[in-house]
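> predicted model and sequence follow; I will ask about them next.
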Amino acid sequence: MLYAATFHLLAGTVAGSIFKVRTLLTLLGFVLFETAIAAIVQGSSAGLWALTSLLAIEVGYMAGLLSRGALGLVGYSGEQAGTRRPR
């Protein structure tokens with residue numbers, strides 16, 4: 001289950017650095033479904049790992065957001081963070 005938590009952390013980081021919050025909500029839905037399946041198969045021992053996976057995906061998403069913002073401020077992304085184009 002440690003591999004699953006690590007995978008969720010990496011998936012959250014990639015999602016946070018590329019996608020919007022709707023993707024995070026979709027990922028959380030998938031992880032919640034995965035948690036329900038694991039609880040049915042493994043019983044109550046999967047509860048702590050399920051919470052760890054949910055927390056890992058959220059922490060990874062926040063890390064991705066921070067890295068996207070930092071890269072935008074430094075100038076490595078196409079558009080700088082915090083600037084808006086006039087419409």
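Structure's in. What do you need?
> what's the longest helix in the protein?
For the chain, the longest helix by residue count, based on DSSP state H, is helix 46-74.
> that one packs against which elements?
For helix 46-74, the helices and strands in contact under the criterion 3 or more CB pairs under 8 Å, 6 or more residues apart in numbering; DSSP states H and E are helix 2-18, helix 21-42. Where C-beta positions appear, they are placed from N, C-alpha and C, glycine not excepted.
> tell me the angle it makes with helix 21-42.
Note on geometry: by axes from the mean of the first three to the mean of the last three CA atoms, to 10 degrees, helix 46-74 and helix 21-42 are set 160 degrees apart in direction.
> and helix 46-74, which residues are buried?
Within helix 46-74, the residues scored as buried using 16 or more other CB atoms under 10 Å are 46, 49-50, 52-54, 56-58, 60-61, 63-65, 68, 72.
> name the nearest of these relative to Phe30.
Among these, Ile57 lies closest to Phe30 (CB to CB), at 9.2 Å.
> could you measure from that closest one over to Ala70?
Remark: distance between Ile57 and Ala70 (CB to CB, to the nearest Å) = 20 Å.
> now Leu10
Distance from Leu10 to Ala70, counting by CB to CB: 18 Å.
> also Ala56?
Ala56 is 21 Å from Ala70, where distance means CB to CB.
> output the below-cut-off pLDDT ranges for the chain.
Filtered on pLDDT under 70, the chain yields the residue ranges 1, 75-87.
> what's the burial count for Phe30?
The number of residues packed near Phe30 is 12, by other CB atoms under 10 Å.
> swap in Val31?
Residues near Val31, counting by other CB under 10 Å: 20.
> what residues are up against it?
By CB atoms under 8 Å, 6 or more residues apart in numbering, the contact list for Val31 reads 8, 53-54, 57.
> neighbours around Glu10, how many?
Wrong residue type there; residue 10 is Leu, not Glu. Look at Leu10: counted by other CB under 10 Å, it has 15 neighbours.
> the closest residue to it other than its chain neighbours and Ser17: what is the separation?
Closest residue to Leu10 apart from its sequence neighbours, by CB to CB, 6 or more residues apart in numbering: Gly60 at 6.5 Å. Per CB to CB, Gly60 is found 10 Å from Ser17.
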